[in-house]
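With the input below, show me the fold.
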Amino acid sequence: MTEKIKATLRDSNAARWTALVIVSFTMMWGYFLTDAMSPLMTMLEVEMNWSSSDFGIFNWSYCWFNVFLFMLIFGGIILDKMGVRFTGLTACALMVIGAFIKYYSVEYISPAPEAGTIFGIRTQVVMASLGYAIFAVGTENCGITVTKVIAKWFKGKEMALAMGSQVAVARLGTALAMIVSPLIVKNFSMSTPLLLALILLGIGLLAYMVFCVMDARLDKQLTAEQGEDGEDDTFHIADLKAIVSSKGFWLIALLCLMFYSAVFPFMKYATSLMENKYGMANEWAGWIPALIPMGNLIMTPLFGGIYDKHGKGATIMIIGSAMLIMVHVLFALPVLNYWWFAAFIAIVLGVAFSLVPSAMWPSVPKIIPEKLLGSAYALIFWVQNIGLGFVPLLIGWLLNEYCITGERVVDGQTFIQYDYTLPMCVFALFGIVALALAFALKREDKRKGYGLEEANIK
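Model (predicted):
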């Protein structure tokens, strides 16, 4: 039996990590488009007359289909029934389609009110949001697929390190978006970053096709040599009860909701925060938020490796949540309004942003059976998308209704001046709830013996 196990493709270090590189490459460009417009709030205000509410509606659209039409839930069930190849290719295709609609809307639909409105919202905003919503179905389902790919290919091996590495590469896409999008717009046009993302997503789709060839070979080996079907065809809808009845699962899902609600929506407005509070120019303001995902490149795999070898997963999540609270409180306080202090806080947030995901995602397979991981991750992503959609909408509304303090003039141009104290307090509140959930998860782990504090590598 030992010889048969060694014969499988996933027991080859080169093959296992090559598969990881390929799927991580695809996800990186998905994350690039996710945040391609995040640092452009001020430019959208000037070039296309978008208000903070328009910007909030656009970011809210990320959850339209995933949450309201339960596309993530269906995606998870399809993943467990059809496998990572079919689901992943479908998700990649949706990303490309959504990216095209988003690009077309910004490039070819007039931002002028004369172009008409849909439900009282300007047509350009609605159509760009529609493209973003379709793209979101693709990228979120690609995310759960890639997570299950790692659980499948790294079973019994460096799973946390692999998941941390994938997250790190994906965050590189976010960092690139925060840095290069303003510079591209300044030298070309508002739609150019979206065109670039569309091309890169097409390349990512081709890369995933290469992975599918490898995965098909692995499934044949698992079936022939171990009697194991790599596509988990033993899944039944009734098995979902094991997920929804697990308290540990729901604690992780809610922790994910609260933690990511204080990070990803913050990233949408972080460039504007740097401009309004710290007086940075728009083309450079994205560099400070880019420090957050850039730190993930090293720290997330590092913390994932620590979890693999030494355990302490629940403790890692507690530490990360506590750091998150400190960061947003410091951003809210009216002190040290200097770019270097903002950079320091961003680095601390980057550490917190590495700690929690490095432990949270590899903890799910300790609670949920492998054949249900697609549905489990999908349900977590669905819960997470509630925050990813509604929190930016909330922040945009708060800024528009309560946080306008006047105007500021930069290089002869007039911009709305925002006070970000209230939004940062909201983000800090999410962090407090996340910390309470992390403590509750640690208690539940002691009671149920999930092994969250134990090493992954036996």
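
Show the contacting residues for residue 430.
By C-beta atoms under 8 Å, 6 or more residues apart in numbering, the contact set of residue 430 is 258-259, 261-262, 387, 391. C-betas here are computed from N, CA, C, even on glycine.

Show me those that map onto helices.
258-259, 261, 387, 391 (DSSP state H).

If any of the contacts of residue 430 are buried, put those into a ChimeraX selection.
Entered in ChimeraX, the line below selects the buried ones among these, by 16 or more other C-beta atoms under 10 Å:
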select :258,259,261,262,387,391
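
right, and the pair among the contacts of residue 430 with maximum separation?
Based on C-beta to C-beta, the longest span within the contacts of residue 430 runs between 259 and 391 and measures 11.8 Å.

coming back round to it: ok, so of the ones in helices among the contacts of residue 430, who is nearest residue 272?
Closest to residue 272 out of the ones in helices among the contacts of residue 430 is residue 391 (14.9 Å), distances taken as C-beta to C-beta.

what about the residue nearest to that closest one when sequence neighbours are not counted, which helix or strand?
Nearest residue to residue 391, sequence neighbours excluded (C-beta to C-beta, 6 or more residues apart in numbering): residue 265, at 3.9 Å. Here residue 265 sits within helix 264-278, counting by DSSP states H and E.

Which positions in that helix come out as buried?
Applying a neighbour-count criterion of 16+ other C-beta under 10 Å, one finds 264-278 buried in helix 264-278.

next structured bit after that helix?
Next helix or strand after helix 264-278 toward the C-terminus (DSSP H and E): helix 282-285.

The following helix or strand past that next one to helix 264-278, inter-axis angle?
Per DSSP H and E, the first helix or strand lying C-terminal to helix 282-285 is helix 287-310. Angle between the axes of helix 287-310 and helix 264-278 is 140 degrees (criterion: axes from the mean of the first three to the mean of the last three C-alpha atoms, to 10 degrees).

Helix 287-310 - contacts with which helices or strands?
helix 159-187, helix 264-278, helix 313-332, helix 339-367 (3 or more C-beta pairs under 8 Å, 6 or more residues apart in numbering; DSSP states H and E).

ok, how many other residues are close to residue 98?
For residue 98, the count of nearby residues is 24 (other C-beta atoms under 10 Å).

I'd say it and residue 137 touch.
Yes: counting by C-beta atoms under 8 Å, residue 98 touches residue 137, with 7.4 Å between them.

avg pLDDT for the strand or helix carrying residue 197?
Assigned by DSSP H and E, residue 197 belongs to helix 192-221. Helix 192-221 comes out with an average pLDDT of 94.

After it, which helix or strand is next?
Trace forward from helix 192-221 with DSSP H and E and the next one is helix 241-244.

quick check, nearest of the buried residues of helix 264-278 to residue 87?
For the buried residues of helix 264-278, the nearest to residue 87 is residue 264 (22.8 Å; C-beta to C-beta).

if I look at that closest one, how far off is residue 139?
12 Å (C-beta to C-beta, to the nearest Å).

next one: residue 110
28 Å.

who has more neighbours, those two?
Neighbours around residue 110 and residue 139, counted as other C-beta under 10 Å, are more numerous at residue 139. The numbers are 27 against 12.

Within the helices and strands, which one has the more buried one?
For residue 139, the host element (DSSP H and E) is helix 123-153.

what angle sits between that helix and helix 192-221?
Following the same axes, to 10 degrees, one obtains 30 degrees for the angle between helix 123-153 and helix 192-221.

what bits of the chain have low per-residue confidence?
The chain contains residues with pLDDT under 70 at 1-7, 225-236, 458.

Residue 443: neighbour count?
Going by other C-beta under 10 Å, the residues that sit close to residue 443 add up to 11.

I misspoke; the intended subject was residue 186.
11.

i'd like the first residue to be 35 from this point on
Sure, I'll start counting at 35 from here, so that last one is residue 220.

hang on, the earlier thing: can you tell me which of the contacts of residue 464 lies nearest to residue 50?
When those are compared for distance to residue 50 (C-beta to C-beta), residue 293 wins out at 28.7 Å.

quick one, what contacts that closest one?
By C-beta under 8 Å, 6+ apart, the contact set of residue 293 is 354-355, 358, 390, 394, 464-465, 468.

would you turn the helices and strands packed on helix 321-344 into JSON lines with distance to residue 236?
As requested, the helices and strands packed on helix 321-344 are exported to JSON lines (distance: least, C-beta to C-beta, whole Å):
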{"stretch": "helix 193-221", "distance to residue 236": "15"}
{"stretch": "helix 298-312", "distance to residue 236": "25"}
{"stretch": "helix 347-366", "distance to residue 236": "35"}
{"stretch": "helix 373-401", "distance to residue 236": "27"}
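
quick revisit: buried residues, the helix holding residue 231. List them.
226-232, 234-236, 238-239, 241-242, 245-246, 248-249, 252-253, 255.

Give me the neighbour count for residue 461.
24.

Pretty sure the residue nearest to residue 425 sits against residue 419.
No: at 11.5 Å, residue 299 does not count as touching residue 419 under the criterion of C-beta under 8 Å.

before we move on, back to that, what angle do helix 193-221 and the helix holding residue 231 make with each other?
Put simply, helix 226-255 runs at 160 degrees to helix 193-221, going by the same axes, to 10 degrees.

So which other helices or strands are in contact with helix 226-255?
Contacts defined by 3+ C-beta pairs under 8 Å, 6+ apart place helix 226-255 against helix 47-68, helix 118-142, helix 157-187, helix 193-221.

okay, these, which one's buried deepest?
Mean neighbours per residue, mean count of other C-beta atoms under 10 Å, is largest over the helices and strands packed on helix 226-255 for helix 157-187, with a mean of 25.

by how many degrees do that helix and helix 47-68 diverge?
Using the same axes, to 10 degrees: helix 157-187 against helix 47-68 is 160 degrees.

Could you pull up the residues touching residue 324?
Residue 324 neighbours (C-beta under 8 Å, 6+ apart): 208-210, 212-213.

Mind putting the residues you listed into a markdown table with distance to residue 413?
Putting the contacts of residue 324 into a markdown table (distance: C-beta to C-beta, whole Å) gives the following:
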| residue | distance to residue 413 |
| --- | --- |
| 208 | 24 |
| 209 | 28 |
| 210 | 30 |
| 212 | 29 |
| 213 | 33 |
